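Asks: My questions concern the predicted model and sequence given below.
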Amino acid sequence: MTARNITRFWEWGRKIICVGRNYADHAKELNNAIPTEPVLFLKTPSAYVREGSSILVPRYSSYLHHEVELGVVIGKGGTAIPQSSAMEHVAGYALCLDMTARDVQDVCKAKGLPWTLAKSFNTSCPISEFIPKERIPDPGNVKLWLKVNDQLRQDGCTSQMIFSIPFLISYISEFITLEEGDLILTGTPKGVSAVQEHDELQAGIEDVVTMSFRVEKQHQ
Ligand SMILES: O=C([O-])CC(=O)C(=O)O
Ligand SMILES: [Mg+2]
């Protein structure tokens, strides 16, 4: 058996753990309270989509939102990881979109139901190439941006996160054992907005990576 290559972590079938409302300005734009503890939800690995393939609007949604986020790729697993050694568990990063069927999420929120179909449909997790840890020496201070059809919609900095990456790794691993190849989506800054069929999304981490995706309708 050949050793698996972390640079292709999306092929490993590991967990995608998402943090919601980790930027106060985004929590506010959706009229959510500023959290006092991280809000967590999951995507399944079938949500991954790579550049060259399209983001598909699920048939059951007419209000698909983009959320640009820094993804943290776990290199060494662990349970109850202390904050002080949390960064030793990081292999690298990926630029990610947390595509969200906002209309479905709004219904789920109103009914107190889980967000699964709003957050974890096929192609709901577009990702960049793997970014080795050394290329982002300070993940708590990188600029993220997203454009729709060349118009800037999101422009934030990870320094605005409410809960830091070491805190999130420690907090999550207390309840959910982290494994090599897992991905943590660290939440989105403000500026989320709707996308439609034929839109072109471009996103980047300043000075590190860019990626682009086209939006298409899901065919029967
Ligand atoms: O759906 C939401 O707004 C929660 C979320 O994922 C985020 O804040 O990144
Ligand atoms: Mg999100």
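Replies: That came through fine. Numbers count the residues shown, from 1 in each chain. Ligands and ions are numbered 1, 2, ... in the order given.

Asks: How about the most centrally placed residue in the chain: what's its closest non-neighbour residue?
Replies: Central residue of the chain (CA atoms, centre = their mean): L185, 3.6 Å from the mean position. Distances taken as CB to CB, 6 or more residues apart in numbering put C18 closest to L185, at 4.3 Å, once the chain neighbours are dropped. For glycine as for every other residue, the C-beta is placed from the backbone atoms N, C-alpha and C.

Asks: about what we covered before: for the residue nearest to the centre of the chain, list each beta-bridge partner.
Replies: Under DSSP bridges, the beta-bridge partners of L185 are C18, G71.

Asks: please begin residue numbering at 53 from this point
Replies: All set: I'll call the first residue 53, so the last point we hit is now L237.

Asks: Now do the contacts for the closest residue to ligand 1 within the chain.
Replies: Ligand 1 sits closest to G72 of the chain, with a gap of 3.1 Å, by CB to the nearest ligand atom. Counting by CB atoms under 8 Å, 6 or more residues apart in numbering, G72 touches P87, V91, L92, F93, G239.

Asks: what's it sitting at in phi/psi?
Replies: phi -110, psi 150 (degrees, to the nearest 10).

Asks: contacting residues for the residue of the chain found nearest ligand 2?
Replies: Residue nearest to ligand 2 within the chain: D150 (3.4 Å; CB to the ion). With contact taken as CB under 8 Å, 6+ apart, D150 is in contact with C70, K95, E119, E121, K171, S176, C177, L237, T240.

Asks: Can I get stretch 153-167 in PDB? Just the C-alpha atoms.
Replies: C-alpha atoms of stretch 153-167 as PDB (Å, rounded to 0.1, in the frame of the first residue of the first chain):
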ATOM      1  CA  ALA A 153     -28.600  27.300   0.200                       C
ATOM      2  CA  ARG A 154     -29.600  30.300   2.300                       C
ATOM      3  CA  ASP A 155     -33.400  29.800   1.700                       C
ATOM      4  CA  VAL A 156     -33.200  26.200   2.900                       C
ATOM      5  CA  GLN A 157     -31.000  27.200   5.900                       C
ATOM      6  CA  ASP A 158     -33.600  29.900   6.800                       C
ATOM      7  CA  VAL A 159     -36.400  27.400   6.900                       C
ATOM      8  CA  CYS A 160     -34.300  25.000   8.900                       C
ATOM      9  CA  LYS A 161     -33.400  27.700  11.400                       C
ATOM     10  CA  ALA A 162     -37.100  28.700  11.800                       C
ATOM     11  CA  LYS A 163     -38.100  25.100  12.400                       C
ATOM     12  CA  GLY A 164     -35.100  24.200  14.600                       C
ATOM     13  CA  LEU A 165     -34.000  21.600  12.100                       C
ATOM     14  CA  PRO A 166     -30.400  20.600  11.100                       C
ATOM     15  CA  TRP A 167     -28.700  22.500   8.200                       C
END
